[in-house]
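In: using only what follows, build the 3D model:
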Amino acid sequence: MKIGLIGLEKSGKTTIFNALTASDVQTSAYASSRPEPNMAVIEVADPRVDRLKDMYRPRKTSYATIECVDFVGFSSGEDKKEIFTASELTLVKTADALALVLRNFHDEIVDGILGPPDPRSDLETILTELVLSDLIMAENRLERIEHFVKRGASTPDMEIEKKALLKVREALEKNALISSLDLSPDEVRQLRGFRFLTEKPLMVVVNSDEERFNHSGDLLAATQDTMPAVEFAGRFEMELSGLSPEDAREFMEDMGIETSARDRLTMLAYRVLGYITFFTVGPDEVKAWTVMQGDTAVDAAGAIHSDLARGFIRAECFSYDDLIRLGSEKALKDKGLFRLEGKGYLVQDGDIMSIRFSV
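Out: Numbering: from 1, shown residues only. Just a heads-up that it's a prediction; the model follows:
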């Protein structure tokens with residue numbers, strides 16, 4: 001899973017990045033724009049993995065991971081450039097979801113340059129910029145299609161693509177997101193290669209100061225009407241990421257923070273993307289794997305290795321909850337809770353699977 005952090009200049013994206021990844025990237029208000037995005041991989045904390053580790057005592061334990069990419073902030077003034085360079089746009093297209101970071105904190109220097117925080121206005125600005133980026137892409141492709149049509153080189157697939165792009169352009173011209181469109185399966189297939197930004201799952205990260213944190217209910221409620229949102233006390237939680245878990249917990253309780261920034265973003269991302277987790281277990285390794293809600297046993301096999309999907313025979317499967325309740329695989333078998341599932345089986349969150357295959 002790859003999450004891209006985007007937002008306006010000085011919105012505190014890098015502060016959020018540091019809080020999520022325990023990195024130490026410079027965040028000074030005077031810091032000059034960096035040429036490249038920051039990137040880091042974080043483990044998804046899952047107490048089920050810890051419990052399975054204790055039960056199986058494997059030589060290796062692997063958690064699911066999230067790759068975080070902190071993109072350079074963009075401005076919206078008259079002298080602004082395109083929000084992403086060509087190389088950045090290529091990278092941001094690979095993100096599974098985008099987290100839109102909104103400034104909800106006072107800073108004497110930043111306020112003096114950009115004015116007081118106005119997160120609702122910032123959200124509108126960011127969405128407008130994403131819409132404009134997609135609109136340029138759609139119009140450029142429509143121009144190329146018209147060129148082929150005039151030369152008599154159009155194909156049936158190109159006609160479907162043109163029809164879909166016209167719908168996309170009409171929506172974007174109304175400042176609507178592509179994700180709101182009702183496209184046919186063929187239209188979706190023709191547009192897949194574009195990886196439009198407003199087609200991606202979007203979520204909001206409200207970056208608050210300590211005074212505003214936990215007092216932004218109206219803002220969060222208004223934001224939730226557009227897309228899912230989470231609030232961080234950015235600078236405070238960045239400092240927490242450098243402390244021991246015990247010390248961090250004490251300060252979190254004082255602020256009314258129940259879980260870490262990493263865990264809160266992970267939970268939101270899984271909900272937005274519709275992800276679930278299954279496990280493989282044994283003396284060699286206990287590992288968490290991520291698939292989409294509604295994926296089949298074959299999809300799960302493919303997540304492990306393409307050969308397992310290609311030669312899939314059956315999936316040996318049982319539930320994490322049943323395992324914990326009964327205490328052993330033997331007890332599961334005695335109760336008839338150890339199952340063999342076929343290709344069409346829909347994977348459930350918490351399934352423990354072993355794939356039978358032949359290649």
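
In: for this protein, which segments count as strands?
Out: 2-7, 38-43, 60-62, 65-70, 97-104, 202-208, 229-233, 275-280, 285-292, 312-319, 339-341, 351-357 (DSSP state E).

In: could I get those as TSV with mean neighbour count, mean pLDDT and distance to Asp186?
Out: Glycine gets a C-beta too; all of them are placed from N, C-alpha and C. Below are the strands of the chain laid out as TSV (neighbours: other CB atoms under 10 Å; pLDDT from 0 to 100; distance: least, CB to CB, whole Å):
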stretch	mean neighbour count	mean pLDDT	distance to Asp186
strand 2-7	24	94	27
strand 38-43	16	93	35
strand 60-62	13	97	38
strand 65-70	21	94	31
strand 97-104	26	95	25
strand 202-208	24	94	25
strand 229-233	23	92	34
strand 275-280	20	97	26
strand 285-292	18	97	21
strand 312-319	19	97	28
strand 339-341	14	96	31
strand 351-357	18	97	32
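
In: can you add distance to Asn214 and give these back as JSON lines?
Out: Listed next are these as JSON lines, based on distance: least, CB to CB, whole Å:
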{"stretch": "strand 2-7", "distance to Asn214": "21"}
{"stretch": "strand 38-43", "distance to Asn214": "24"}
{"stretch": "strand 60-62", "distance to Asn214": "35"}
{"stretch": "strand 65-70", "distance to Asn214": "24"}
{"stretch": "strand 97-104", "distance to Asn214": "12"}
{"stretch": "strand 202-208", "distance to Asn214": "8"}
{"stretch": "strand 229-233", "distance to Asn214": "8"}
{"stretch": "strand 275-280", "distance to Asn214": "27"}
{"stretch": "strand 285-292", "distance to Asn214": "30"}
{"stretch": "strand 312-319", "distance to Asn214": "36"}
{"stretch": "strand 339-341", "distance to Asn214": "44"}
{"stretch": "strand 351-357", "distance to Asn214": "36"}
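
In: looking at these, which is nearest to Arg120?
Out: Smallest distance to Arg120 across the strands of the chain (CB to CB): 8.1 Å, for strand 97-104.

In: packing partners of that closest one?
Out: Strand 97-104 sits against strand 2-7, helix 13-21, helix 119-150, strand 202-208, helix 261-273, with contacts defined as 3 or more CB pairs under 8 Å, 6 or more residues apart in numbering; DSSP states H and E.

In: restrict stretch 171-180 to CA atoms and write it as CSV.
Out: What follows is stretch 171-180, C-alpha atoms only, in CSV (Å, rounded to 0.1, in the frame of the first residue of the first chain):
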residue,chain,number,x,y,z
ALA,A,171,-17.4,16.2,-14.7
LEU,A,172,-14.0,17.9,-14.2
GLU,A,173,-15.3,21.1,-15.8
LYS,A,174,-17.9,21.2,-13.1
ASN,A,175,-15.2,20.7,-10.5
ALA,A,176,-16.5,17.1,-9.7
LEU,A,177,-14.2,14.2,-8.9
ILE,A,178,-13.8,11.3,-11.4
SER,A,179,-14.5,8.9,-8.6
SER,A,180,-18.1,10.2,-8.5
